[in-house]
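Asks: Kindly return the folded structure for what I paste below:
(2 chains)
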Amino acid sequence: MKEQVITVLKKYTFNPAVWDNATNQSRIIDDLKINSARVVDISLDIEEIFDITVEDDELEKLVTIQDILNLLEKKKGD
Amino acid sequence: MTDNPLYANDIVALDCPHNQKSWSNHAYLSKAFHRREITHTQRILCNYEAYAFLWSAKEAAYKLLMKQGRRNRFNPRDFTVSEVSPISEKGDYAFSIQCGRSKLKGFCRISDNIAHAICGTHQIGPSTPYSFTFKTGNIEKTHEAGHQLMLEVARIITSEKHLEINKTTQGIPFLTSNGSPLATDISLSHDANYVGITIAYQRPKMN
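Replies: Residues are numbered from 1 along each chain as shown, chains lettered A, B, ... in the order given. Have a look, this model is predicted:
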């Protein structure tokens, strides 16, 4: 699951060097330097890959890689 | 709360393939924008310009509210753009934007490749605050270039030599000189290989 999430995120990073020290706590916008407009794309990609729906209020909680993994675990467990 | 003017800017690249792909996706548009603000904006601006304008307006408004103490995460649908009107023939537009009970005024310049929006607590116009946009040569270094450009501009405007850009725990940038925070307000934005900055110089208070 994490590999699939990383693959999605990598589509939207311009500088590969941001991945050198990336951890689950890396922030999508501040650390991976992904434009905020891409968070919507990331949620759409995740919806498609994992067959889930990301609600409006869940979108704004996707700050770190771990937040995405937590959301997926929650959705898959529902 | 400070009485000093606060501004926030956001830049969106019209020629960025990621953006164009998003703007062609109905699911994206419905997650990012309200139908009525799209209809309202498209009276004046064509599709891509309208979407770039709307996103930059929302993000600039969000950054300004963060400076004023808001701590919610950014959700584009929390913001509704209205009252969009052209104010010059150079692609300058004024707008209003509502988020909850907060209603802000903004300014956006649309040029060939970018939409650059500014929201502020004080008057905004083509030269208030100082605002600049740049295209960097290396997309991988856009953030670094933006940082350096901001410092250079700030050194010229403030005449301070030992400037640094720091960030609050909320990620809001501010200037320090020899380690002391300056009242001069700054805002930085990046998209693809474009950088947008604003700087509102505040003369130091005399003791």
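
Asks: how about low-confidence regions in chain B?
Replies: For chain B, applying pLDDT under 70 flags the ranges B:1-2, B:125-127, B:204-207.

Asks: part of a helix, is B:R109?
Replies: No: going by DSSP: H, G, I helix; E, B strand; the rest coil, the assignment for B:R109 is strand, not a helix.

Asks: does A:L62 really touch A:S43, like I thought?
Replies: Yes: using Cβ atoms under 8 Å, A:L62 is in contact with A:S43, at 6.7 Å. (Each C-beta comes from the backbone N, C-alpha and C, glycine too.)

Asks: where do the contact lists of the two overlap?
Replies: Common contacts of A:L62 and A:S43, defined by Cβ atoms under 8 Å, 6 or more residues apart in numbering or on different chains, comprise A:V54.

Asks: Between the two, tell me which one has more neighbours.
Replies: A:S43 (24 against 20; other Cβ atoms under 10 Å in any protein chain shown).

Asks: Provide a list of residues in contact with that one.
Replies: Counting by Cβ under 8 Å, 6+ apart, A:S43 touches A:54, A:58-59, A:62, B:31.

Asks: Would you mind listing the two of these that lie farthest apart?
Replies: A:L62 and B:K31 (12.1 Å; Cβ to Cβ).

Asks: rewinding a little: any idea which of the contacts of A:S43 is the one closest to B:H190?
Replies: Lowest distance from B:H190 to the contacts of A:S43 (Cβ to Cβ) belongs to A:L62, with 19.4 Å.

Asks: backbone phi and psi for that closest one, please?
Replies: Phi and psi for A:L62, reported as degrees, to the nearest 10, are phi -90, psi 80.

Asks: Tell me the spacing between it and chain B.
Replies: Counting by Cβ to the nearest Cβ, to the nearest Å, the gap from A:L62 to chain B is 8 Å.

Asks: Helices of the chain, start to end?
Replies: Chain wasn't specified; assuming chain A. A:2-10, A:37-50, A:56-59, A:65-77 (DSSP state H).

Asks: actually it's chain B I care about, not the one you picked
Replies: Applying DSSP H to chain B gives helices spanning B:17-23, B:26-32, B:35-41, B:47-67, B:142-158.

Asks: buried set for the second one?
Replies: What that stands for is helix B:26-32. Neighbour counts over helix B:26-32 (16 or more other Cβ atoms under 10 Å in any protein chain shown) mark B:28-29, B:31-32 as buried.
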